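A.B. asks: Provided below are the primary sequence and the corresponding predicted coordinates.
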Amino acid sequence: MSNKSNSSVSNIYQLEGRVPVSRAIPFGLQHILAMFVANISPIIIVAGASGVSGKQLAMLIQSAMLIAGIGTLIQLFPLWKIGSGLPIVMGISFTFVSIMCYIGANYGYGTIMGAVLIGGLIEGCLGLFAKYWMKIISPIVSASVVTAIGFSLLSVGSTSFGGGSGSENFGSVENWILGTITLLCCILFNIFAKSYWKQLSVLFGLVVGYLVAIPMGLVDFSSLAGTSVIALPHLMPFKMEFHLNAIISVALIFLVSATETIGDTQALANSGLNRSATTKEISGSLACDGFISSLSSLFGCMPITSFSQNVGLVAMTKVVNRFTIATGALIMILAGIFPIFGAVLATLPDAVLGGCTIMMFGTIVVSGLQMIGKCGYSQRNITIVALSLSIGIGFTQVPELFSVFPKIIETVFAENCVAVVFLVAVILNLILPQNMETFEETKAES
């Protein structure tokens, strides 16, 4: 009996294998709490810029949770060639926010949905044929992208720690106290907890932080008033419209999102499974991103992509069991069917989330550095990493540098360091000599 119990516990660190539901649910819930606020924030921002009403917004949040849950299940348990079979959690990406705010304000929310439908189909098809173009993305390119993803998320965690973007009391003493308490709880629980319980440090920090926030008056329960207990999502809540310039713009952002998905998939396989992701896994991951995003548009929702936050959680806990992560996907689906459930989760203060995610995002940076180490520190690799990161991260810290380019280029690259790092790394990987050391020696001799 003891051996069976030990086996079920160790299965949480294995991709396959059954884990008792009572043990799987806390780990699944931990993944959902880690991404919940970040999942609904983009749609709140875009809906506001597009003039979507409060009642319609509640419906869109409901759809976001439902589709994210379905997408996660398909990533875990692929349908045909769609899905990676890896513990990837899906959610709405901030990558699309800027361009969609512009489209929504100028053309309306229906145009956004039309562009997402087409853009998702394009990415999905690219994913299915990934084996024909994945050769240009060498391990050092993937390592550079993963490192960039980690660095790009550090400001996200810090913003949450301060109270969230646009918060009236951003950086207040209360938020500092709440974020610090949450972070300390995560660290102390990880130090003193025994066995697999250590991997629930994020959930522990979230729960303690939430309970502390209530008497501090930092939890807003007003949003629960009038929330339906159960409601079914609406199909085609907005009439789709198709504008060529909107479709082209969103399709380009889908390509940028695809680079993040490739990095997320590589980072997850490397940090969670101690190996590189296969072409089949990357292909399935991209196909799922694209086709699920097209499905998402049919429910009035923004694109659904792999969530880097949860990659950081896997890197930190090493919990990769598909059944365990699937319980989190089912929780998201329940949140989509029972709006009251999602409304309660939405009351989680940003400072609490920030306290938990600071370490998670730093772990992604470390995973990227480990991947670079495995590639080796040849002159060629150092050049690719150094230039791609310095240009990608450095230039996007000064977005005015891109003002000389056409508006679409500025929109895609000015504030997206992952896209710039990917582009620079791919170009350098294609043009630099395979053995720069030999090349330099030959040049010197001549």
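C.D. replies: Thanks, I have it.

A.B. asks: run through this structure and note the low-pLDDT ranges.
C.D. replies: 1-9, 37, 54, 195-196, 223, 226, 342, 437-446 (pLDDT under 70).

A.B. asks: run through the strands of it in chain order.
C.D. replies: In the chain, the strands defined using DSSP state E lie at 90-92, 304-306.

A.B. asks: to the chain's geometric centre, what's the distance from the first one?
C.D. replies: Here the centre of strand 90-92 is set off from its chain's centre by 6 Å, with C-alpha atoms, centre = their mean, to the nearest Å.

A.B. asks: ok, and what's touching that strand?
C.D. replies: 35, 38-40, 42-43, 64, 68, 71-72, 75, 288-289, 292, 301-307, 309-310 (C-beta atoms under 8 Å, 6 or more residues apart in numbering). No exception for glycine: its C-beta is placed from N, CA and C like everyone else's.

A.B. asks: who does that strand pair up with?
C.D. replies: If you go by DSSP bridges, strand 90-92 pairs up with strand 304-306 (antiparallel).

A.B. asks: excluding its own residues, what touches the strand it pairs with? List them.
C.D. replies: Contacts for strand 304-306 (C-beta under 8 Å, 6+ apart): 64, 67-68, 71, 75, 88-93, 95, 257, 260-261, 264-265, 285, 289, 292-293, 296.

A.B. asks: drop anything exposed from the residues you listed.
C.D. replies: 64, 67-68, 71, 75, 88-93, 95, 257, 260-261, 264-265, 285, 289, 292-293, 296 (16 or more other C-beta atoms under 10 Å).

A.B. asks: roughly how far does the closest residue to A277 other than its chain neighbours sit from Y102?
C.D. replies: Nearest non-adjacent residue to A277, counting by C-beta to C-beta, 6 or more residues apart in numbering: A269, 3.9 Å away. Distance, A269 to Y102, using C-beta to C-beta, to the nearest Å: 35 Å.

A.B. asks: ok, these two, which is more surrounded?
C.D. replies: A269 (25 against 17; other C-beta atoms under 10 Å).

A.B. asks: the more buried one and I282 touch, don't they?
C.D. replies: No: if you go by C-beta atoms under 8 Å, A269 and I282 don't touch, sitting 9.1 Å apart.

A.B. asks: what distance do you get for the residue nearest the centre of the chain to V229?
C.D. replies: When C-alpha atoms, centre = their mean is applied to the chain, the residue found nearest the centroid is F307 (1.9 Å). Here F307 is placed at a distance of 27 Å from V229 (C-beta to C-beta).

A.B. asks: cool, V19 as well?
C.D. replies: Taking C-beta to C-beta, one finds V19 at 30 Å from V229.

A.B. asks: neighbour count winner among these two?
C.D. replies: Neighbour comparison, V19 and V229: the larger count goes to V19, with 24 against 8 (by other C-beta under 10 Å).

A.B. asks: hmm, the more buried one is touching N11, no?
C.D. replies: Yes: between V19 and N11 there is a contact under C-beta under 8 Å: 5.1 Å.

A.B. asks: which residues do the two both contact?
C.D. replies: Taking C-beta under 8 Å, 6+ apart as the contact rule, V19 and N11 both touch N321.
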